[in-house]
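Enquirer: got a sequence here, can you build the structure:
(chains A and B)
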2 protein chains.
Amino acid sequence: MAKGFDTLPGFRDFYPESCAVRNAIFDTWRSVAQRYGFVEYDGPVLEPTGLYTRKSGAEIVNQLFCFTDKGEREVALRPELTPTLARLAAARQREYKKPLRWFSIGQFFRYEKQQKGRTREFYQFNCDILGETSPAADAELIALSIDVMRAFGFDETHFRIRLSDRRVWTDFAARAGVGEASVGDFLQIIDKLDRDKPEVSAEKLAALGIALEDVQAFIAAGDPQSESLGIVRADLAARGLERFVEIDLGIVRGLAYYTGAVFEVFDIGKGMRAVAGGGRYDKLVELIGGVDMAAAGFAMGDVVIGDLIRETPATAARLDAAVAAQSGLDLFIIVADETKRPEALRMVQELRDTGFRVASPIAPAKVGKQFQMAEEQRAHIAVVIGAEYPLVTLKNLPLRLETICRREDFDAELTRLLGGAVG
Amino acid sequence: MAKGFDTLPGFRDFYPESCAVRNAIFDTWRSVAQRYGFVEYDGPVLEPTGLYTRKSGAEIVNQLFCFTDKGEREVALRPELTPTLARLAAARQREYKKPLRWFSIGQFFRYEKQQKGRTREFYQFNCDILGETSPAADAELIALSIDVMRAFGFDETHFRIRLSDRRVWTDFAARAGVGEASVGDFLQIIDKLDRDKPEVSAEKLAALGIALEDVQAFIAAGDPQSESLGIVRADLAARGLERFVEIDLGIVRGLAYYTGAVFEVFDIGKGMRAVAGGGRYDKLVELIGGVDMAAAGFAMGDVVIGDLIRETPATAARLDAAVAAQSGLDLFIIVADETKRPEALRMVQELRDTGFRVASPIAPAKVGKQFQMAEEQRAHIAVVIGAEYPLVTLKNLPLRLETICRREDFDAELTRLLGGAVG
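Expert: Numbers count the residues shown, from 1 in each chain, chains lettered A, B, ... in the order given. Predicted structure coming up:
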């Protein structure tokens, strides 16, 4: 391939097979969100850099694809959707009845070191409830995340919701005498406990006057005495979903703007990867749009869930079925005699007008070759238009059933061959 | 709103209403392409700048959103899809049976002066056939573009295909003694005849030794004596689509890489806007990927077609219906007694598991208020769970039909109330 034309590192080409997988994941996300009565929205892929630098936290800001545009504006490819949502909700807050129940499916960009499950672009499913302070909103979002996993075919042997509340840790910090300016640093240390070596965490905590052992004991005790988490758990129990949820105070979430309940969906295979995460961010809409509006939400990326689906036999089979349902032809029109091509084209057009998925060879080819094309494109019915026209041959390819009829009886014959089910 | 957080000029926020319109346009594009047996693919939104600078022509290159990334790579937000498609097709040409019949729906970016119908981001529907030299491929693409317009509700009173062939003009240039290096400039002048003042065009043509009058007379004669255009027209006539097509030698298309038949879909209202355009580009796959592969395709953006749909009563009504079908709830569960909320939550969960679209108020509210919420969200059925539980009330909201039943008879009663049609 010519130099300079390769796909950029961390970016994906979506050939038809991978595009169909992507779309099947989107379809599942969209259908579950709609079952929850959520409505779809989207924002720009390019935003002012300032939208992220002041609110999202250092990790995301260091990974921005940002530049100066031809109009001297500092702009960035969006690394996440929540700041955009806060802007949208604030800007038209009078026009919509609260609470908003909104979802979005879109592409995001982070300049990260490449590794398994990390690309530089990814799609993300975002679900948020705005304008509702009740922990019942957190429960509704957690239930939605659980039902998305179930819709992919995962069950309680595959995943758990790890639930916590940031206020448990801000209270802990207050009791330990951590100054307000250092609370963010403290949360970052807790967030990285799993990834950092104990010596590193201990040293960082010591600088704030906290012993690692105290933090570990607090997590091990596992009982946050949090009224709001109690409401969330009771709500999920009423729905019959309590088996998917466990309290885990080790969950803090990396983003700076969370203020209350936080949760992650993680697989309980050996990977122990977070496939989704979110929480309550009651101050962000005010910070960005100047409107006081409670909010909570979560996001799920396509890369980790896609890997997990493919690694799990039950979910992989379900995805394959969804992909197969997207493609395949209803009919393939075989032109056995080129002088009858106009009649074949007319039939192709009429069948497409009816709503059937139809293809026909663009260039002349031998009949055997055309039947092969029909099989390759998984056509249900092959129709042969040849010298004997207006007699036409219909062949149900999966069933190997063949029938011949006159052109004027074609529609009835087709309906019969399809068992009246298609069209 | 806080400074620095506004939507960038030329970029769109998709609030739920406009997102639903966007998605309805996508659904129409996708369903017609699938009727034609086309399969979906996509490429990266960010590409090496070199992919465009050498092939697409000056107009697009001047409008690139391009920058240097953190890895010192020259990158650009994609302004069009065709060079990416050429790269994809060349890279895996052995894996796919030719001809490829591929379509894509994605977002593109051009830093243009803002005006009606011109945003800095837009979505585009791309359809291409690769690996087929026959003009029948051009006809198949033109038929697809016609059927997309018809699927939106447009008919022959609304739009035409303007069909031409670049070879008619390269032959004209050769006869007029225009050197090979100047043919591109010549085509640009022809492409801009409609927009430039006659004096400007005349001066530019004179520099190439051509009289504007000769060009105008050639266009007015309107008969290109082109064998391939004859095949395209006969093919479309066999499909019954000839009424949508006219020869217009004034069509050249701006992009540098076209080599043969070119066409535009334009509205015949007062706007006379091009809503789609494309043509044959038999050399691009070789230029980009080093593989000799004939190709033809077209693209339709979402902005002009969206405006046109809204300005045309018949198509606007059809779009509204598609948008309405996307949203709306099947059921709204009203919690008339907060002590019964667990029973209500359980019912919500069961109904969603069945596939229904269901919502329920997250926070306690008066029953009248809850009925109002149900109406606002266009719920079909409201279900009241109150002190009389396990007796529940079902109300068909559009029909104002009410019925009361025991919880264990709920599913049967619901089926009856829905007329057995939903679920």
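
Enquirer: point out where the stretch 301-423 of chain A drops to low pLDDT.
Expert: For the stretch 301-423 of chain A, the stretches with pLDDT under 70 are A:420-423.

Enquirer: now the angle from the helix or strand containing A:G106 to strand B:100-109?
Expert: Assigned by DSSP states H and E, A:G106 belongs to strand A:100-109. Using axes from the mean of the first three to the mean of the last three CA atoms, to 10 degrees, the inter-axis angle of strand A:100-109 relative to strand B:100-109 is 100 degrees.

Enquirer: wondering if strand A:100-109 reaches chain B at all.
Expert: Yes - interface with chain B: strand A:100-109 contributes A:R101, A:W102, A:Q107, A:F109 (CB under 8 Å from any CB of the partner chain). Every residue, glycine included, has its C-beta placed from N, CA and C.

Enquirer: show me what that strand is packed up against.
Expert: The contact analysis (3 or more CB pairs under 8 Å, 6 or more residues apart in numbering or on different chains; DSSP states H and E) places strand A:100-109 against helix A:16-35, strand A:39-40, helix A:82-91, strand A:121-130.

Enquirer: pick the most deeply packed of these.
Expert: Of the helices and strands packed on strand A:100-109, the one with the most neighbours on average (mean count of other CB atoms under 10 Å in any protein chain shown) is helix A:82-91, at a mean of 25.

Enquirer: quick one: average pLDDT of that helix?
Expert: Mean per-residue pLDDT for helix A:82-91: 96.

Enquirer: same thing with stretch A:106-118?
Expert: 84.

Enquirer: could you give the number of residues near the residue in the stretch 151-300 of chain A that chain B sits nearest to?
Expert: Minimum separation of the stretch 151-300 of chain A from chain B (CB to the nearest CB) falls at A:A238, amounting to 3.6 Å. Other residues within reach of A:A238, judged by other CB atoms under 10 Å in any protein chain shown, total 19.

Enquirer: cool, the one 10 residues further on as well?
Expert: Burial measure for A:D248: 16 neighbouring residues, criterion other CB under 10 Å.

Enquirer: which non-adjacent residue is nearest it?
Expert: A:R162 (3.9 Å; CB to CB, 6 or more residues apart in numbering or on different chains).

Enquirer: just the local confidence number for the one you found, please.
Expert: 95.

Enquirer: so which elements touch the host helix or strand of it?
Expert: Per DSSP H and E: A:R162 is located in strand A:159-165. For strand A:159-165, the elements it packs on are helix A:135-152, helix A:227-238, strand A:245-247, strand A:261-267, judged by 3+ CB pairs under 8 Å, 6+ apart.

Enquirer: now render these as JSON lines, adding mean pLDDT.
Expert: Shown next, in JSON lines, are the helices and strands packed on strand A:159-165 (pLDDT from 0 to 100):
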{"stretch": "helix A:135-152", "mean pLDDT": "98"}
{"stretch": "helix A:227-238", "mean pLDDT": "94"}
{"stretch": "strand A:245-247", "mean pLDDT": "94"}
{"stretch": "strand A:261-267", "mean pLDDT": "95"}
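
Enquirer: so how far is A:V262 from A:I305?
Expert: Distance, A:I305 to A:V262, by CB to CB, to the nearest Å: 19 Å.

Enquirer: just A:A374 next, same as before
Expert: From A:A374 to A:V262 the distance is 53 Å (CB to CB).

Enquirer: OK, contacts around the residue nearest to A:D248?
Expert: Contacts for A:R162 (CB atoms under 8 Å, 6 or more residues apart in numbering or on different chains) come out as A:E246, A:I247, A:D248, A:G250, A:I251, A:F263, A:E264, A:F266.

Enquirer: hey, what's the last one bridged with?
Expert: The partner list for A:F266 in beta bridges (DSSP bridges) reads A:R160, A:A274.

Enquirer: hmm, back to that, burial count for the closest residue to the residue of the stretch 151-300 of chain A closest to chain B other than its chain neighbours?
Expert: Nearest residue to A:A238 in three dimensions, chain neighbours excluded: B:P342, at 3.6 Å (CB to CB, 6+ apart). By other CB under 10 Å, 16 other residues sit near B:P342.

Enquirer: no further questions, thank you.
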